[in-house]
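J.: Fold the stuff below for me.
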Amino acid sequence: MLNKAYSNCLNNLYLLFFVIFHTRQDFMRLLLTILSVLVCLAPASLDAQRSASAYQDLYTPDVSPEKMVSAINYIRTTGCRCGRKKMPPVAPIKWNDKLYQSASNFANEMKRTRRFDHVSRNGDNVASRLDKVGYYWQYSGENIGSGQTHFRQALEDWMASSSHCQMIMNPKMKDMGIGRAGTYWVQHFGSEMPPNTKRGKMRYTEN
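T.: Below you'll find the model as predicted:
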């Protein structure tokens, strides 16, 4: 949207110069062109300020769930490249408190045990972690990170990894929760089973 706004402004600027040099006597056309340029530059500049501010907010120590979901959904609905693979836009995802609980539990476990692995010492994986918090999943997935001090750093590292990036862009995932304990990060994804259905083959992904 921002690039389109600036493109429109550039077109109007070109028209402005054309009017100045080729129709100097048409004062009203000149005035209207100047006003149109100012009108289109104002929202474009405002959008740029808002975008920069929102992105900078991801560096704060405590990022709200709303801002984390907004950042993830911007990526999902825009589309991106995961490594060499072009990922088309997918539907937005929503925050889920049960997935936040499971992600936080695992982040605290990794911090406590100093074990950075998708599989816990007791054999738990993302599927069993979601089961324990009562999330009746059809699809489940997990991204983990270590060493990042802010959410923006964790997100950038996930997006730099093809497999983690593809998990973020997975169209089967409808819900998300992110937990943190110190510099350990866990992002849990899931889609709940449809009503009146039973789980058959286990389907989950670890990244």
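J.: Surely Met110 touches Ile144?
T.: Yes: look at Met110 against Ile144 with Cβ atoms under 8 Å: they come within range, at 7.3 Å. Every residue, glycine included, has its C-beta placed from N, CA and C.
J.: Now do the shared contacts for those two.
T.: Common contact partners of Met110 and Ile144 (Cβ atoms under 8 Å, 6 or more residues apart in numbering): 116, 184, 186.
J.: Now the buried members of those residues.
T.: Burial by neighbour count, 16 or more other Cβ atoms under 10 Å: within those this picks out 184, 186.
J.: Closest to Lys67 out of the shared contacts of Met110 and Ile144?
T.: Distance to Lys67 across the shared contacts of Met110 and Ile144 (Cβ to Cβ) is lowest for Val186, with 17.5 Å.
J.: Select the helix or strand of this structure having the lowest average pLDDT value.
T.: None of the helices or strands of the chain scores lower by mean pLDDT, DSSP states H and E than helix 2-22, at a mean of 48.
J.: Now stretch 98-114: buried residues?
T.: 98-111.
J.: mind exporting stretch 177-193 as PDB, just the C-alpha atoms?
T.: Backbone C-alpha positions of stretch 177-193 (Å, rounded to 0.1, in the frame of the first residue of the first chain) are rendered in PDB as follows:
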ATOM      1  CA  GLY A 177       0.600 -18.900  21.000                       C
ATOM      2  CA  ILE A 178       4.100 -17.600  21.800                       C
ATOM      3  CA  GLY A 179       5.800 -18.200  25.200                       C
ATOM      4  CA  ARG A 180       9.200 -16.900  26.500                       C
ATOM      5  CA  ALA A 181      11.400 -17.700  29.400                       C
ATOM      6  CA  GLY A 182      14.500 -15.600  29.500                       C
ATOM      7  CA  THR A 183      16.100 -16.000  26.100                       C
ATOM      8  CA  TYR A 184      14.200 -19.200  25.300                       C
ATOM      9  CA  TRP A 185      11.300 -18.800  22.800                       C
ATOM     10  CA  VAL A 186       8.500 -21.200  21.800                       C
ATOM     11  CA  GLN A 187       5.900 -20.600  19.100                       C
ATOM     12  CA  HIS A 188       3.100 -23.200  19.100                       C
ATOM     13  CA  PHE A 189       0.700 -23.600  16.200                       C
ATOM     14  CA  GLY A 190      -2.500 -25.600  15.900                       C
ATOM     15  CA  SER A 191      -5.800 -26.300  14.300                       C
ATOM     16  CA  GLU A 192      -8.500 -27.800  16.400                       C
ATOM     17  CA  MET A 193     -10.400 -30.900  15.500                       C
END
